[in-house]
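**Q** Show me the folded form of this:
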Amino acid sequence: MGQKFPVLITSPDGTKRYSAQFQTQEEFAKGWKSALEKAHSRNGLNLTISCGCRGKGKKLLCVRHLSSSDSYHLARYPTTGTDHEPLCEFFALDDKTSGLKGYAGGVLRESTDGMLAIKLNVGLTEKDPPEKDDCPPRPPIQRPAGGQDQMTLMGLLSLLWTEAGLNCWYPGMAGKRNDSVVRYRLYEAARRIRSGKTCIADRLFIGTDPRHSAAMKQTELLSSEAYKDKRLMLLSTLPRYDEEKHEASLKFLPFRYFGGLPITFFGSSGQWKNVCTRFPSEYAAWKAGGKVVVFALTSPADTTRRGISVRAQQIVLMHITENWIPLDSSYESTVASKLDNEQRSYIKPMRYDASVSEVFPDFVLLDTRGSTPFPMEVFGMSTPAYQARKAL
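**A** The predicted structure is shown next:
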């Protein structure tokens, strides 16, 4: 999450300026909520909300209401992320600088209230036909003309990470991005994403410490009648790699944080081997002691003699740094460590479902004092194909 700047709310009565301190300090919490609530009721009615950062665009914002928590939040207008200065919390890269450019129109739509509608390649109820392949491979070198017309589970994981701001890093975050913060931000992001009529947050279960109160709440939800025909999305990190535990004898998906998650059996005997084959970089990073996120789409929960259990239908992996920044290679890991040690501010553009031939920056630097963010590409090899990519 980037830096907060003053917010300007303009109505026929004049302009009111709300400082970053007023937005964040506990003593002003009621006043700030009241201001947002009033602005929300007048969204689009002779009212303009804008960010006070030093960006060159209009920097328009709107107010969203989360009924589940009766809270109000500011959101940028669609496609206006580049209006803001790079260090602003509302800044976002242009779609051309990430795998988003590989989608056809309509796969991801952003409304003026900050909600995102996506077209997933799999249904989220058991009556929907499942994807034939449990873990679709990367698209071929040449993507379909006009772009891919659906988003996979890997694409959704990239979207969750981006919307949660977990692909961004600022020196002031050091020591503050813990498991609880990550979990909270992912759920906040999931509440803004819909596939059809389904809110992703209603199907997302993130592992936590078994002693945490959230674990019991999630277990109660899983055993409720409301979820009897609902496919689930489970997210955690893999535990420390152990060859004896995690190779031939592995019977169910391993989670480091398993509190609130059902026992997840594999859908077939070779499913895990297939996942490791299709995510070789992530698998190698896990074996070497790296941090790897596992994200699974499963069958509806069922109560068995072992407890609440599901079967994995799709599984994807994502290598991350200790600060939860996604990585595509060991070279990127080296560069990310260097950027962190030098206290740099940067964004890691997400690949989503883009084909391996798509070219966009590995990192984007936010602190170069330029008028626009500075793209950065990591080149670790000298093969002809790699040199061609470097030239492009």
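
**Q** which residues of this structure score low on pLDDT?
**A** 1, 43-44, 67-69, 112-114, 128-146, 248 (pLDDT under 70).

**Q** Grab the longest strand from it for me.
**A** strand 307-320 (DSSP state E).

**Q** Next one: Asp94 relative to Ile325, how far apart?
**A** 20 Å (C-beta to C-beta, to the nearest Å). All C-beta spots, glycine's among them, are computed from the backbone N, C-alpha and C.

**Q** out of these two, which sits in the busier spot?
**A** Neighbour count, other C-beta atoms under 10 Å: between Asp94 and Ile325, Ile325 has more, with 23 against 15.

**Q** I'd say that one and Gly165 touch.
**A** No. The criterion here is C-beta atoms under 8 Å, and Ile325 misses it with Gly165 at 10.9 Å.

**Q** re the thing from before, please identify the buried residues of the longest strand of the chain?
**A** 308-320 (16 or more other C-beta atoms under 10 Å).

**Q** and Lys287, how many neighbours?
**A** The burial count for Lys287: 14, using other C-beta under 10 Å.

**Q** backbone phi and psi for it, please?
**A** phi -60, psi -30 (degrees, to the nearest 10).

**Q** For the nearest residue to it once chain neighbours are set aside, pull up the helix or strand it's in.
**A** Among residues not flanking Lys287 along the chain, Tyr241 sits closest, at 5.1 Å (C-beta to C-beta, 6 or more residues apart in numbering). Of the helices and strands defined by DSSP states H and E, none includes Tyr241.

**Q** residue contacts, Tyr241?
**A** Contact analysis of Tyr241 by C-beta atoms under 8 Å, 6 or more residues apart in numbering lists 286-287, 289.

**Q** any idea which helix or strand comes after the longest strand of the chain?
**A** Taking DSSP H and E, what comes next after strand 307-320 is strand 326-327.

**Q** Pull out the buried positions in the helix or strand following that following strand.
**A** Per DSSP H and E, the first helix or strand lying C-terminal to strand 326-327 is helix 330-341. Neighbour counts over helix 330-341 (16+ other C-beta under 10 Å) mark 332-333, 335-336, 339-340 as buried.

**Q** before we move on, what about stretch 256-266?
**A** Under 16+ other C-beta under 10 Å, the buried positions of stretch 256-266 are 257-266.

**Q** quick one on the thing from earlier: reformat the buried residues of helix 330-341 into CSV and put distance to Thr383 next to each item.
**A** Output for the buried residues of helix 330-341, formatted as CSV (distance: C-beta to C-beta, whole Å):
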residue, distance to Thr383
Glu332, 17
Ser333, 20
Val335, 19
Ala336, 23
Leu339, 25
Asp340, 29
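
**Q** Closest one to Ser71 out of those, please.
**A** Ser71 lies nearest to Asp340 out of those, by C-beta to C-beta, at 31.7 Å.

**Q** wait, isn't the closest one in contact with Ser333?
**A** No. Asp340 lies out of contact with Ser333 (C-beta under 8 Å); the separation is 10.7 Å.

**Q** okay, and the common contacts of those two?
**A** Going by C-beta under 8 Å, 6+ apart, residues that sit against Asp340 and also against Ser333 are Thr321.

**Q** Name the residues that touch stretch 335-349?
**A** 86-87, 93, 97-99, 167-171, 321, 323, 325-327, 332, 360-367, 373, 376, 378.

**Q** of the residues you listed, buried ones?
**A** By neighbour count, with 16+ other C-beta under 10 Å, those hold 86-87, 93, 97-99, 167-170, 321, 323, 325-327, 332, 360-367, 373 as buried.

**Q** Now, those residues that are in helices?
**A** Assigned to helices by DSSP state H, the following of those qualify: Glu332.

**Q** Okay, helices next: where are they in the stretch 151-300 of the chain?
**A** Secondary structure of the stretch 151-300 of the chain by DSSP state H, counting those that start in this stretch: the helices cover 153-163, 179-190, 213-222, 243-246, 271-278, 280-287.

**Q** Which one, of those helices, ends up nearest to Ala29?
**A** helix 179-190 (17.0 Å).
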